[in-house]
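Q: Model the structure of this input:
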Amino acid sequence: MVSPFLPEAEKVTAVREALPSTAAGIYLNTGTAGPLPRETAAAMAEVAEWELATGRAHVALFPETFERMAEARAAVAAILTSDIDTVALTHSTTDGMNIGTWGVDWRAGDRAVTSSLEHPGGLGPLYVARDRFGVDLAIVDVGDGGDDERTLAGFDAAITPRTRLVSISHVAWSTGAVLPVARIAELAHARGALVVVDGAQSAGAMPVDPGAIGADVYAVPGQKWLLGPEGMGALWVRPGALERVERTFAGYFSFETVDGRGTGVPWSSARRFEATNYHRPSVVGLARSCGWLSMYVGLDWAYTRAARLARRSADLLAAIPGVELLTPRHQMATLVSFRIAGWTPDQALDELGRRVFAIARTLPPVNALRISVGFFNTDEEIERFCGAVAELAAHTPETLPPHRGLPLLGQDAG
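A: The predicted structure follows:
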């Protein structure tokens, strides 16, 4: 069993046993979806089995569902070092970015400002606002995101008096840079703009306090660094921004009281942004994963270990001739992006998968490979992965010696 007080080696072993998919290969793609804890899978299966056997229509399920949702909000609030009333459940980071973006009462000529490193989940609603309402969309070129002064100068120039919204990632999904959100938020608030932050690559990967960095809205996914199920996410809303962020869609869950006679009182908390139903097993799964991280793994330990392993990965990769590191090492979290000379990302990922069973991903927008380094990874895995990268970098796809796989039983090994 995982405990916060186990010695390091024993704790890593226990953590990996609790995350079975870490045995399937070198798990380096939590930035897409993290390994699901065994405990979470069991809790979700129990709820799903109960629904199968008993049905989902009993009247008692409604208040019980609200209790499970409250548990999930509280578990996410603990990760975000915030009060439960600031958290709403969503279905994804993209949901949260849409809620934040459409929380502005847009008029033609209003301006929205974002960076050149944003994910489509944040860019998508901005494009719609531009195309539908004639919003002036300014995209600040921040390079790899590692030069704060360049980034701040760009945002300072782009945030005009007509700016209504600044939309920015906490950690860039492509280069892994930690962006200076707090300083950008100061500029935005001084000129009357709301700040919406994409926390897809930060929440659960590094210490996060949305209020301290000046966010008005902070969107997070469930399936990445929180190690929860797909189809779940959360939204943090600054208490002072609750009345300012407009509600653009609503439903039964949005209101404290509602009837069919024209009366509806929205929740005074972030729950006003919860419009529709949620998959009960997934709600339980999100709460269980967040609770497991907070109470059994320990957030400080997880953050410190993941940061150390990620920096070790970046250092090893940067030292390999023929490897170009995109991630700014002085300003990184747990994502590491790089290129290998002579190799396309797809070729390299395919070969690394065969040679060391690496589970990573390619980044077509920047023509690179990306690894996501978690607290559950080991030094041996990192060294083995980087050794395989070095082998690729010393060759081309045409000159690389073939990899000898393990023969199957009954197969002629000759």
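
Q: those helices in the stretch 151-300 of the chain, which residues are they?
A: Secondary structure of the stretch 151-300 of the chain (DSSP state H, counting those that start in this stretch): helices located at 181-190, 280-291, 299-318.

Q: now the longest one: how far from the chain's centre is it?
A: Taking Cα atoms, centre = their mean, to the nearest Å, one finds helix 299-318 lying 17 Å from the centre of the chain it belongs to.

Q: With the first one instead?
A: Between the centre of helix 181-190 and the centre of its chain there are 22 Å (Cα atoms, centre = their mean).

Q: Against which helices or strands is that helix packed?
A: Counting contacts by 3 or more Cβ pairs under 8 Å, 6 or more residues apart in numbering; DSSP states H and E, helix 181-190 is packed against helix 148-158, strand 163-169, strand 194-198. C-beta: built from backbone N, CA, C; applies to glycine.

Q: Reformat the helices of the stretch 151-300 of the chain into JSON lines and put distance to residue 85 and mean neighbour count next to each item.
A: Below are the helices of the stretch 151-300 of the chain laid out as JSON lines (distance: least, Cβ to Cβ, whole Å; neighbours: other Cβ atoms under 10 Å):
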{"stretch": "helix 181-190", "distance to residue 85": "21", "mean neighbour count": "18"}
{"stretch": "helix 280-291", "distance to residue 85": "17", "mean neighbour count": "25"}
{"stretch": "helix 299-318", "distance to residue 85": "21", "mean neighbour count": "19"}
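
Q: ok, now how distant is the closest residue to residue 38 other than its chain neighbours from residue 307?
A: Nearest non-adjacent residue to residue 38, counting by Cβ to Cβ, 6 or more residues apart in numbering: residue 18, 5.3 Å away. In this view, residue 18 and residue 307 are 21 Å apart by Cβ to Cβ, to the nearest Å.

Q: try residue 224
A: In this view, residue 224 and residue 307 are 16 Å apart by Cβ to Cβ.

Q: any idea how the protein splits into domains?
A: Listed by automatic domain parsing, the domain ranges of the chain are 8-30+298-393, 45-294.

Q: Could you dump those into JSON lines and include distance to residue 38 and mean pLDDT?
A: Output for those, formatted as JSON lines (distance: least, Cβ to Cβ, whole Å; pLDDT from 0 to 100):
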{"stretch": "domain 8-30+298-393", "distance to residue 38": "5", "mean pLDDT": "98"}
{"stretch": "domain 45-294", "distance to residue 38": "10", "mean pLDDT": "96"}
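
Q: Tell me, how many residues neighbour residue 195?
A: By other Cβ atoms under 10 Å, the residues close to residue 195 number 27.
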